[in-house]
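In: Sequence first, predicted model second:
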Amino acid sequence: MDSALIPDGVKRCSFGKFALGIIIAGGVLLWGVYAMLLIWLKGLNQTNMNDYYGFALWIWADLGVIALGGGAFFIGLLRYVIGKDELKNIINYAVLIGFICYSSALLILAIDVGQPLRSWFIFWHANIHSMLTEVAFCLSCYFAVLTIEYIPLILENRQINKVPFFHNLAHNMHEVMVIFAATGAFLSFFHQGSLGGTPAVLYGRPFAFREGVFIWPWTFFLFTWSAAAYGPCFTLFVTRLTEKITGKKLVKQNVIDLLAKISGWMMGTYIIAKIIDTWYWATVTATASGFNLIDFYSNNPFYGIWILIAEIVVCGIVPALILLTPKGRSNSTLLFTAVLLACIGVLLNRWVMVLQVMAAPVMTFENWVMYIPSWQEVATTILPVAYGVILVMISFRYLPIFPQERELNS
Amino acid sequence: MKEEGKHKKAKKYGMVINLDECTGCGACMVACMAENNVPFKEDESNKLDSIAWMRVYKLTNGKSYPEADICYLPRPCMHCEGEHGHSPCVSVCPATATDYNHETGIVSQIYTRCFGCRYCMAACPYHARYFNWWDPVWPEGSTKYLSPNVSPRMRGVVEKCSFCFHRYQLAMDKAFLEGRTVLEEDEYQTSCTQACPAGAITFGDLNNPEHKVHQLAKPDNKHGGRPGNPNVFRLLERLGTNPKVYYMSSREWVRQAGDNYLDNEDFAKNYRH
């Protein structure tokens, strides 16, 4: 039925199967849209946030998807600026995943503010001292860059590409992509960094506060670093997942191996930096405010020291070691486990830097406050996942995302 | 000439709350809500999402009878100065919807500019900032009793104690009409200060040695306004927020409850003066 739109030389499932998948994901999407409309119409009282949890599930989701979407800027940097040519075989998917992650982040932010119609105030009345201002500017600009990077991919659809203008436009956009890749890397450095700075500049919150260099707290660099390390893992994870679901080999092993190895090095060095940061914070910064490390991990029903061990050891050191060894990278199960652990690790880090900051008491006469999100918060957080699944399904079916697919499945 | 000279000197309005005198009656909370059109819900039992610009905490020393002791601690916005006006909340607001006034030392909230990102709430360790989760619903007829000097807030914005800034504006207007630029101590007082039956709250210009707050707190401006009076302390002094609300108590456990200390720290030794 839609065979004329499917790229040459590749096989896709039947239209009926595809439509069923879209309907299922669409149902979840509609559930999220319903919750979103409830929130926009009735306000943030539809959530379980409160005056202690001004930042909650959504801000975590924002930080999380931006970290996971970091694969787009880092693989773009490696491919176009540093010249790792093999990565051209996975860059399209990285861009698509990045586009989904960043559009999701912007959507969640639009739901998360009390007065959405005033969102433009962040640009109009910008406070240059605020990390969120930098986030807003860089995030918007980088989303524009990702859109520019995604457009030539759309133009390469079999039917669209028959129009000479679109064909030439796609070709010329590819030619200048190095400029956008470099711009994307520059912007990402700042918005990933300022997201790291968002909790770390809160000097009234000893759990979050970090010292740093000049105006940048250490987490500014750690967030950028971790996005560059863990973002490609998410690209690898989704690629492998797509391969499993479609039953096709989509990217050659040498490409996977190269990206996994680079991620391993980035993750390994990041974890060392993270351990140093944690040690300095625990022994110098926090103690100067009268807190012992264990104060942040006790007297509450959820946030135990396990969360620190899970983040640094289980989801940091372990996947880094797997990715750093050739044996680990060549073993499909180990590789999949490593990238999955890495994704959990970065999400755990973002969770801690948002939710645990809110939960931990600062005044001596207050207690830990726990929070469970409402169904509306959960639905609107799942909404972008459903939207992402739909966009991946459509893009995979109709666009030449994987240049090696034809060769690998002939 | 003398008055002009005084006018040029920046004021730093602040409070000293005597915790030994506070009975925890809550009159300050009621007065504050009435004065500032603070909205309320039908059911106010969930304190995590109800608004109280002034909140009275109950502290205990954790000991049993006969050594058991309690203390009530009223907590308005601390109007932190931070370093050079970079108070925790002001420095993070992305839309400049909250501002540190260097003329008065008061941290303002611009309701019509706030777009409800709540970053300031995350930044405030005192939980002095409140979000309007709902639109205010005033019981029938009660809108006639709202203060015309304070704009009610809509759903989706953050609000907090303003040190009754409208009273400052009215006092300055009156002074201007009378050809003055300097206010007398009693011309500008917050509603909680006036409502306290025990007289536990003292309000005034911390920079003015003639004002009682200055005499009680003895602020050391070279060190961020740290109190010089050994019985006076500020909440979370060690964080460097430099609040302008001071607390006074003759009881050591109360003063110690104002900040966090490591187990091996000697409170008396580390207690900064």
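Out: Structure's in. What do you need?

In: Any idea how many residues pack against B:Met172?
Out: 17 (other CB atoms under 10 Å in any protein chain shown). Yep, even glycine has a C-beta here, placed from its N, CA and C like the rest.

In: To which secondary structure element is it assigned?
Out: B:Met172 belongs to helix B:165-177 when assigned by DSSP states H and E.

In: Go ahead and produce PDB holding the CA coordinates of the first helix or strand past that helix going along the chain.
Out: Downstream of helix B:165-177, the first helix or strand assigned by DSSP H and E is helix B:191-195. C-alpha atoms of helix B:191-195 as PDB (Å, rounded to 0.1, in the frame of the first residue of the first chain):
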ATOM      1  CA  SER B 191       1.700  43.600  60.000                       C
ATOM      2  CA  CYS B 192       3.200  40.600  61.900                       C
ATOM      3  CA  THR B 193       5.300  42.900  64.100                       C
ATOM      4  CA  GLN B 194       2.300  44.900  65.000                       C
ATOM      5  CA  ALA B 195       0.000  41.900  65.600                       C
END
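
In: Now do helix B:191-195: which elements does it pack against?
Out: helix B:27-35, strand B:201-205 (3 or more CB pairs under 8 Å, 6 or more residues apart in numbering or on different chains; DSSP states H and E).

In: tell me the most buried of those?
Out: Ranked by mean neighbour count under mean count of other CB atoms under 10 Å in any protein chain shown, the helices and strands packed on helix B:191-195 are led by strand B:201-205, which reaches a mean of 24.

In: show me what contacts B:Thr98?
Out: Residues near B:Thr98 by CB atoms under 8 Å, 6 or more residues apart in numbering or on different chains: B:Cys89, B:Val90, B:Val107, B:Ser108, B:Gln109, B:Ile110, B:Cys114, B:Cys120, B:Val158.

In: Quick one: the helices in the stretch 101-250 of chain A, in order.
Out: A:121-124, A:131-155, A:164-175, A:177-200, A:218-246 (DSSP state H, counting those that start in this stretch).

In: Dump those helices to TSV, plus distance to chain B, mean neighbour count and mean pLDDT.
Out: Listed next are the helices of the stretch 101-250 of chain A as TSV, based on distance: least, CB to the nearest CB, whole Å; neighbours: other CB atoms under 10 Å in any protein chain shown; pLDDT from 0 to 100:
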stretch	distance to chain B	mean neighbour count	mean pLDDT
helix A:121-124	4	17	96
helix A:131-155	4	20	94
helix A:164-175	33	13	95
helix A:177-200	8	23	93
helix A:218-246	14	24	97
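
In: mind showing which ranges of chain B have poor pLDDT?
Out: B:1-8, B:268-273 (pLDDT under 70).

In: 50 instead?
Out: B:1-7, B:272-273 (pLDDT under 50).

In: How many residues are close by the residue of it found nearest chain A?
Out: Proximity of chain B to chain A (CB to the nearest CB) peaks at B:Gly116, 2.0 Å away. Neighbours of B:Gly116 under the rule other CB under 10 Å: 24.

In: State the helix or strand in which it lies.
Out: Using DSSP H and E, no helix or strand contains B:Gly116.

In: Skipping adjacent residues, who's closest to it in space?
Out: Leaving aside its chain neighbours, B:Gly116 sits nearest to A:Gly114 (2.0 Å; criterion: CB to CB, 6 or more residues apart in numbering or on different chains).

In: tell me the contacts of A:Tyr203?
Out: A:Phe209, B:Gly82, B:Pro88, B:Leu239, B:Gly240, B:Thr241.

In: Pick out the most distant pair among those.
Out: Maximum pairwise distance among the contacts of A:Tyr203 (CB to CB): 12.8 Å, between A:Phe209 and B:Gly82.

In: you'd agree the residue of chain B closest to chain A is up against A:Leu117?
Out: No. Under the criterion of CB atoms under 8 Å, B:Gly116 makes no contact with A:Leu117, lying 10.5 Å away.

In: Now for the residue lying closest to A:Ile59 once chain neighbours are set aside, how many residues are close by?
Out: Distances taken as CB to CB, 6+ apart place A:Val354 nearest to A:Ile59, at 5.0 Å, with adjacent residues excluded. With neighbours defined by other CB under 10 Å, the count for A:Val354 comes to 25.

In: mind listing what A:Val354 touches?
Out: Applying CB under 8 Å, 6+ apart, one finds that A:Val354 lies in contact with A:Phe55, A:Ala56, A:Ile59, A:Trp60, A:Leu63, A:Pro199.

In: Stretch B:16-29: end-to-end distance?
Out: One end of stretch B:16-29 sits 16 Å from the other (CA to CA, to the nearest Å).
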